[in-house]
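Chemist: coordinates only, sequence not included:
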């Protein structure tokens, strides 16, 4: 064994905010390695869950709604929004419990901080991974929806569907960053219950997945402030058209929130972990 | 103040180094120089500030005051800190191996942080596993390892980046004697390769055996420093006579022993007599206290600590 050698400088691309991309990718790689070991327990549920929702809500409730959802089949109406919420859930799991455990219980970040990695690299790596996991969740959904479409349900009716993974990644990024931001605020892991029941669950219900938000008083105004609404609208537009100027607005909104959080969250993470 | 060190020589130079939290001073203005190729120790009780000092050296916590130069880089700026982190390996006190990965994967991921390619990381991990005698456990999960194995895995991980300086924070705390000796043997192997080692310990025998030079820390300050034997001979005598009185009151020092004894220290269950002529002193003690157990031993760093602070290391 050679020792000592050392001496090479830290290499790799530095992003704004002194985020080192190669360090971030190491964090991503670690998560991917863990995920690969457990793919049977991790990936398969991604196919069951959408099927359950589509069958339970779409086909079950859909019998009563019939074709009255703005002239649309109910399954077709809810499917794109459910796909967006699957991406939200995938990213949120990583940025909440999983990240908190690595910060304070398994002390994994302390181990990483002894390498050339800095906390902002680690936070960015977790963001990349959270986005990846959102993509995996969303892609599972997409495959199921493709099956429904081929079976005759009018769910994926636009070629713009090919761009859905980009929208899912954007949803993944925004919810990774919001989850991380919440993670920097709390002192006990139990407080995630608030994040889920008072933030994510209401968004799931009132972001236009199951009914158009414009149908409840003040619905559109409130929905405009929630990121999931923009994600749902974007995914629905891509899957089923017609794409309008407002879809650029939805995309711009999400990109702007991502940029803002990307500036703020890694800094906060660093303050939280390096004292 | 010590003269400015030559950058090529010193591995670590600290001047008036301080670390304070809101209402607590963990490290209170310490100076030390660590040369390349030496094994340098920080000895002291729990809470003395050793771990905080280590964490400043490997740039896990910011410095509150004073200056710290590690391997030629002034600590503090992000780019310098990254360079320091690149060149320093860390074996932490706490086991923070990745429980969701195998031992080999733990090492491979770490190698990647130091810029090794996939293939290089694989080869390096095999070398490291062999070096710490864990090749057979390469595919085991971390939770399947014993305490001593985990510590060896941590050493292997600390070496992943081929560091110029290896920091070990209490490397043998909590290990059974056999695992401890096994680990010492690995550290001696590193010393033979002229590695620069910086270690903390609250075991004086460990410090005496492993360290070329050391400092003794107490309550955030350095209270003594030097080579182990020199430090002992400078601060206390070469030998100690222990007079065990147990529960009974400590006996007074008889007049015939006074010229032999440089200094005495009364502990709860025994009297320590610091003497230059051990043979004469133990003979006199045995004569004088035929009913008490008397022992002659070499002075240790524990005696130095006791003299300086008035406390035992483990108190």
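Modeler: Everything's here; your move. Since the structure is predicted, the reported quantities are computational estimates derived from the model, not experimental observations. Numbering: from 1, shown residues only, chains lettered A, B, ... in the order given.
Chemist: any idea of the mean pLDDT for the host helix or strand of residue B:80?
Modeler: Here residue B:80, judged by DSSP states H and E, is contained in helix B:78-87. Averaging pLDDT along helix B:78-87 gives 92.
Chemist: From the contact counts, what lies against it?
Modeler: strand B:73-74 (3 or more CB pairs under 8 Å, 6 or more residues apart in numbering or on different chains; DSSP states H and E). C-beta here means a position set from N, CA and C on the backbone, and glycine is covered the same way.
Chemist: I'd like to know which elements the strand it packs on is packed against.
Modeler: Other helices and strands packing on strand B:73-74, by 3+ CB pairs under 8 Å, 6+ apart, are helix B:78-87.
Chemist: And the helix it packs on, what's buried?
Modeler: For helix B:78-87, a neighbour-count test (16 or more other CB atoms under 10 Å in any protein chain shown) marks B:80-87 as buried.
Chemist: Tell me, how many residues neighbour residue A:171?
Modeler: For residue A:171, the count of nearby residues is 31 (other CB atoms under 10 Å in any protein chain shown).
Chemist: next one: residue B:99
Modeler: 14.
Chemist: go on, residue A:77?
Modeler: Using other CB under 10 Å: residue A:77 sits among 25 other residues.
Chemist: what's the spacing between the closest residue to it other than its chain neighbours and chain B?
Modeler: Excluding the flanking residues, the one nearest residue A:77 by CB to CB, 6 or more residues apart in numbering or on different chains is residue A:69, at 4.3 Å. According to CB to the nearest CB, to the nearest Å, residue A:69 stands 43 Å off from chain B.
Chemist: in the stretch 1-150 of chain B, which spans are helices?
Modeler: B:50-57, B:78-87, B:103-113, B:118-131, B:147-158 (DSSP state H, counting those that start in this stretch).
Chemist: that older thread, got the angle for the helix holding residue B:80 vs helix B:103-113?
Modeler: For helix B:78-87 against helix B:103-113, the angle by axes from the mean of the first three to the mean of the last three CA atoms, to 10 degrees is 140 degrees.
Chemist: between helix B:78-87 and helix B:50-57, how big is the angle?
Modeler: 120 degrees.
Chemist: packing partners for the helix or strand hosting residue B:304?
Modeler: Per DSSP H and E: residue B:304 is located in helix B:301-309. Judged by 3+ CB pairs under 8 Å, 6+ apart, helix B:301-309 is in contact with helix B:204-210, strand B:213-218, strand B:221-226, helix B:228-235, strand B:261-266, strand B:270-275.
Chemist: Among these, which comes closest to chain A?
Modeler: Taking CB to the nearest CB, helix B:204-210 is the member of the helices and strands packed on helix B:301-309 nearest to chain A, at 16.8 Å.
Chemist: domains for chain B, by residue range?
Modeler: When chain B is parsed with automatic domain parsing, its domains come out as B:10-232, B:237-298.
Chemist: most packed of those domains?
Modeler: With neighbours taken as mean count of other CB atoms under 10 Å in any protein chain shown, the domains of chain B reach their highest mean count in domain B:10-232, at a mean of 20.
Chemist: that older thread, show me what counts as buried in the helix holding residue B:304.
Modeler: B:301-307, B:309.
Chemist: residue ranges with poor pLDDT in the chain?
Modeler: In the absence of a named chain, this looks at chain A. Applying pLDDT under 70 to chain A flags the ranges A:1-12, A:67.
Chemist: um, chain B though
Modeler: When residues are selected by pLDDT under 70, those of chain B lie in B:1-8, B:313-315.
Chemist: Surely residue B:53 is in contact with residue B:18?
Modeler: No. Taking contacts as CB atoms under 8 Å, residue B:53 lies outside contact range of residue B:18: 10.4 Å.
Chemist: Overlap of the contact sets of these two?
Modeler: B:27, B:30 (CB atoms under 8 Å, 6 or more residues apart in numbering or on different chains).
Chemist: where does the helix holding residue B:304 sit relative to the chain's centre, distance-wise?
Modeler: 16 Å (CA atoms, centre = their mean, to the nearest Å).
Chemist: now do stretch A:116-133
Modeler: 14 Å.
Chemist: Identify each buried residue in it, please.
Modeler: A:116-133.
Chemist: Out of those residues, which sit inside strands?
Modeler: Secondary structure from DSSP state E places none of these in strands.
Chemist: Return only those of these found close to chain B.
Modeler: Subset of these in contact with chain B: A:116-118, counting by CB under 8 Å from any CB of the partner chain.
Chemist: Show me what whichever helix or strand residue B:287 is part of is packed against.
Modeler: Assessed by DSSP H and E, residue B:287 sits inside helix B:278-288. When contacts are defined as 3+ CB pairs under 8 Å, 6+ apart, helix B:278-288 sits against strand B:239-244, strand B:270-275, strand B:293-298.
Chemist: make it 6 Å
Modeler: strand B:239-244, strand B:293-298 (3 or more CB pairs under 6 Å, 6 or more residues apart in numbering or on different chains; DSSP states H and E).
Chemist: Can you say which of those strands is nearest to chain A?
Modeler: strand B:293-298 (33.1 Å).
Chemist: So for residue B:49, which of the helices and strands packed on helix B:301-309 sits nearest?
Modeler: Residue B:49 sits nearest to strand B:213-218 of all the helices and strands packed on helix B:301-309, at 5.6 Å, using CB to CB.
Chemist: neighbouring contacts of the closest one?
Modeler: B:32, B:40-44, B:48-50, B:207, B:222-225, B:227, B:305, B:309 (CB atoms under 6 Å, 6 or more residues apart in numbering or on different chains).
Chemist: re the thing from before, so which residues lie in contact with the helix holding residue B:287, not counting its own?
Modeler: Against helix B:278-288 from outside (CB under 6 Å, 6+ apart): B:239, B:241, B:254, B:257, B:260, B:275, B:294, B:296.
Chemist: hang on, the earlier thing: switch the helices and strands packed on helix B:301-309 over to TSV; also include distance to residue A:202.
Modeler: Putting those into TSV (distance: least, CB to CB, whole Å) gives the following:
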stretch	distance to residue A:202
helix B:204-210	58
strand B:213-218	54
strand B:221-226	55
helix B:228-235	65
strand B:261-266	69
strand B:270-275	70
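Chemist: how far away is residue B:189 from residue B:128?
Modeler: 12 Å (CB to CB, to the nearest Å).
Chemist: er, residue A:75 actually
Modeler: The gap separating residue A:75 from residue B:128 is 55 Å, by CB to CB.
Chemist: How far away from the center of its chain is stretch B:200-210?
Modeler: Mean C-alpha position of stretch B:200-210 versus that of the full chain (CA atoms, centre = their mean) differs by 5 Å.
Chemist: List the contacts of the residue nearest the centre of chain A.
Modeler: Among the residues of chain A, the one closest to the centroid is residue A:172, at 2.4 Å (CA atoms, centre = their mean). Going by CB under 6 Å, 6+ apart, residue A:172 touches A:87, A:91, A:130-131, A:134.
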